[in-house]
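Engineer: how would this look folded up:
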Amino acid sequence: MDVKYRMIRQINQQIAAWTDSIYYQNPELAEQETEKREAHELVVKDAEALLKQKQQRTKNAQNLLKKLKKD
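Structural biologist: Down below sits the predicted model:
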């Protein structure tokens, strides 16, 4: 058994029980669902990073515009 899972089981027994019940009902579906959720999380993180980048570029452009208007 994976050490990470054992650690979670010690901290939150309800989550571990839920995980066990889902996994033992249908291990293949559990793996598919996990992969789907992990892929979704990556997409969300990429979108957040892109948003942060665009916000920084917008801020930089606004600062440049203010500077140009002052000159």
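
Engineer: chain center to the top helix by length along the chain: distance?
Structural biologist: If you go by DSSP state H, the chain has its longest helix at helix 27-70. From the chain centre to the centre of helix 27-70 is a distance of 11 Å (CA atoms, centre = their mean, to the nearest Å).

Engineer: going forward can the numbers begin at 847, since that is how I track them
Structural biologist: Sounds good: first residue 847 from here, last item helix 873-916.

Engineer: could you say what helices and strands that helix packs with?
Structural biologist: helix 859-871 (3 or more CB pairs under 8 Å, 6 or more residues apart in numbering; DSSP states H and E). C-beta coordinates here come from the backbone N, C-alpha and C atoms, glycine included.

Engineer: tell me which residues in the helix it packs on are buried?
Structural biologist: Within helix 859-871, the residues scored as buried using 16 or more other CB atoms under 10 Å are 862, 865.

Engineer: The longest helix of the chain to helix 859-871, inter-axis angle?
Structural biologist: 120 degrees (axes from the mean of the first three to the mean of the last three CA atoms, to 10 degrees).

Engineer: any idea of the mean pLDDT for helix 873-916?
Structural biologist: Average pLDDT, helix 873-916: 97.

Engineer: What distance do you get for the residue nearest the centre of the chain to A893?
Structural biologist: The structure's the chain has its C-alpha centroid closest to E887; by CA atoms, centre = their mean the separation is 3.6 Å. Distance, E887 to A893, using CB to CB, to the nearest Å: 11 Å.
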